[in-house]
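Let me see the structure of the following:
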Amino acid sequence: MIYVVGSGPAGVACSYALIKKGIEVTMLDAGVELEPETATVLNKLKKSKRWNPLLLKKIRGNTQVTMKGVAKKRIYGSDYPYKEVSSHMPIIAKGVECSPSFAKGGLSTVWGAAVMPYLAEDIKDWPVTIDDLSPYYTHVLDFMNIASANDDLASLFPLYTENYQNFNQSKQASLLLKDMQRSKSQLNSAGFFFGSSRLAVQFSPNREKPGCVYCGLCLHGCPYELIYSSAFALEGLKRNKNFQYKKDVIVEKLIETKGKIKIAAHSRIGSKKLMFTGSRVFLACGTLPTTKIMLESMKAYNQKLAIKDSQYYLMHLLRYKGAGDVTKESLHALAQIYIEIFDKNIDKNSINLQLYTYNDFYEDALRHIFGPTYGIFKNLLKKFMSRLVIAQGYLHSNSSSHISIELKNGQPSRLILKKNENKAAAKLIKGIAWKLFKNRKYFKFLPLIPFVKVGKPGESNHYGGSFPMSNNPKKFESDKLGRPFGFKNVHLVDASVFPSIPAQAITLTIMANAYRIADKHDM
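I've put the predicted structure just below:
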């Protein structure tokens, strides 16, 4: 029996590849799910043509929002994607913001749906090339919807599919793109390349689901479940006779002996000891759980490893002109535009910006600032919101702060995470803001430089590399098939094997690499 551990994007992609090869697969998973009472509310909304405002209020929840960003994103008002981690995998974090998940579907239950491939130049330190990954980007997009446009970005970042959907952009995004197109040659010369965002969202209707109604609830959770989650793909896998799903399983360690793998685990409910035996195991738990399992398996306590992070930062961009009353506009609230920056004077690697236009978090943040006086300034603030664009940015890990990770023995053992700050990162981010400022006449916006926020390591959720792939792996490294040094039948298929983390969205490449490893594991 072959086992896959974890139901996030890596686990699902790996399982698809194995089943396509005719291999029987059993997936072990913690499988925490949305609370029944919230699921009932969601089901009522899905079946209703007119949404009850009281039900909508329940799924909006009470996410805390300020002008510095969202405290911790919830889904349908619930924090279930993050639940139970601390009880089964205690973490002590200092200066680090990591959010591992034991949910069915992992963090794809709560992500922003941004997808993008990597550039060859940004993974020169990998033993795997873009040519190795390219066919697997296509395989992944065979079972995951993508919406975008075949625009200028496609010449740098191929779409890897002809089966993509279109979506309507917000008024703010449409006007901004028109301004950038008018100054395209100047922006390109300055190292700015731009285009539509790419989103793992089903915007068009099919037999099972309606299309997007542009209700603006994306950041709270789509009532029609149109934003891709590997939990949805899991339901498709369950229909295959070669696939089994076992939930409520927390894997602790692996024991490889005589060509077999023993998986020591315990029940999520009741902590009953469990043991599974197979011929091969694919670990797809996410970087922190996978690293813990491997360190526990190796009895490598008090051994510091490095996790590489794609530095997250937040910028506020104020447009010269507004776009009307955006608070009443029908729109989607996910990223609208991508800007890729190439400037060797700032960074040797590419820089990524994801632009968000109005969503109701804007209003929440301003209510938080103005409190009881919000009503007095409401009309003025509406004009401000019609001009405000939020840029979420990411750097290559080579230019970012890192995280040290260490396992301390105990009952239970604990992960210790500490920040290894790269002080140059904040300076680099300011350089990006000033570059935008110098080109403001082409963008028709003003970056509010004093309000730039530099995130903590791990806050991007774009991190990995604790067991990086290498052509000649040493201890605490993996080969090109994700096999850690000293193991023959264990494959790591999540971001824990990435030698570096480029600035673009990480999930599509995690899935492509997981599919590649599963496809070639027996070569």
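
from here on, contacts and neighbour counts on C-alpha atoms
Fine.

my read: Met469 touches Glu477, true?
Yes. Here Met469 lies in contact with Glu477, judged by Cα atoms under 8 Å, at a distance of 6.0 Å.

Wasn't Thr26 part of a strand?
Yes. Using DSSP: H, G, I helix; E, B strand; the rest coil, the secondary structure at Thr26 is a strand.

one step back: Met469 and Glu477: which has the busier surroundings?
A count of neighbours by other Cα atoms under 10 Å puts Met469 above the other of Met469 and Glu477, at 29 against 23.

count of residues packed around Gly105?
29.

picking up where we left off before, residues shared between the contacts of Met469 and Glu477?
With contacts taken as Cα atoms under 8 Å, 6 or more residues apart in numbering, the residues that reach both Met469 and Glu477 are Val497.

Now do the helices in the stretch 301-450 of the chain.
Listed in chain order, the helices of the stretch 301-450 of the chain (DSSP state H, counting those that start in this stretch) span 360-370, 378-385, 424-438, 440-443.

Confirm that Asp131 sits in a helix.
Yes. According to three-state DSSP, the state of Asp131 is that of a helix.

and it, how many neighbours?
Going by other Cα under 10 Å, the residues that sit close to Asp131 add up to 9.

residue ranges with poor pLDDT in the stretch 351-500 of the chain?
Low-confidence regions of the stretch 351-500 of the chain, defined by pLDDT under 70, are absent; no residue qualifies.

Against Phe276, how distant is Glu37?
With distances defined as Cα to Cα, to the nearest Å, the gap from Glu37 to Phe276 amounts to 33 Å.

And for Met180?
The span separating Met180 from Phe276 equals 56 Å under the rule Cα to Cα.

what do you get for Ile23?
As judged by Cα to Cα, Ile23 and Phe276 stand 18 Å apart.

residue boundaries of the helices in the stretch 1-150 of the chain?
Listed in chain order (using DSSP H, counting those that start in this stretch), the helices of the stretch 1-150 of the chain are 9-20, 36-47, 53-60, 85-88, 130-141.

Could you give the average pLDDT over stretch 300-307?
Here stretch 300-307 scores 97 as its mean pLDDT.

for the residue lying closest to Cys212 once chain neighbours are set aside, phi and psi?
In space, not counting the residues next to it along the chain, Cys212 is nearest to Phe203; the distance is 4.8 Å by Cα to Cα, 6 or more residues apart in numbering. The phi/psi pair for Phe203 (degrees, to the nearest 10) reads phi -80, psi -30.

just for the stretch 1-150 of the chain, where's the confidence low?
Scanning the stretch 1-150 of the chain for pLDDT under 70 picks out the ranges 62-71.

now with 90?
Low-confidence segments of the stretch 1-150 of the chain (pLDDT under 90): 47-50, 57-73.

Look up how far Gly216 lies from Asp360.
Counting by Cα to Cα, the gap from Asp360 to Gly216 is 8 Å.

Just the strands from the stretch 101-250 of the chain, written as ranges.
Read by DSSP state E, counting those that start in this stretch, the stretch 101-250 of the chain holds these strands, from start to end of the chain: 192-196, 243-246, 249-257.

gap between Gly465 and Arg198?
Gly465 sits 25 Å away from Arg198 when distances are taken as Cα to Cα.

ends of stretch 267-277, how far apart?
With Cα to Cα as the measure, the ends of stretch 267-277 fall 16 Å from one another.

these two touch, right, Lys246 and Leu28?
Yes. Counting by Cα under 8 Å, Leu28 is a contact partner of Lys246 at 5.0 Å.

Which residue of those two possesses the greater neighbour count?
Between Lys246 and Leu28, Leu28 has the larger neighbour count (other Cα under 10 Å), namely 24 against 12.

in the stretch 151-300 of the chain, which segments are predicted with low confidence?
Counting by pLDDT under 90, the low-confidence segments of the stretch 151-300 of the chain come to 206-209, 258-259, 270-271.

What segments of it are helices?
Taking DSSP H, counting those that start in this stretch, the helices of the stretch 151-300 of the chain run over residues 171-182, 184-189, 230-238, 287-298.

Rebuild those helices as TSV, extending it with mean neighbour count.
Formatted as TSV, the helices of the stretch 151-300 of the chain follow (neighbours: other Cα atoms under 10 Å):
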stretch	mean neighbour count
helix 171-182	18
helix 184-189	14
helix 230-238	17
helix 287-298	22
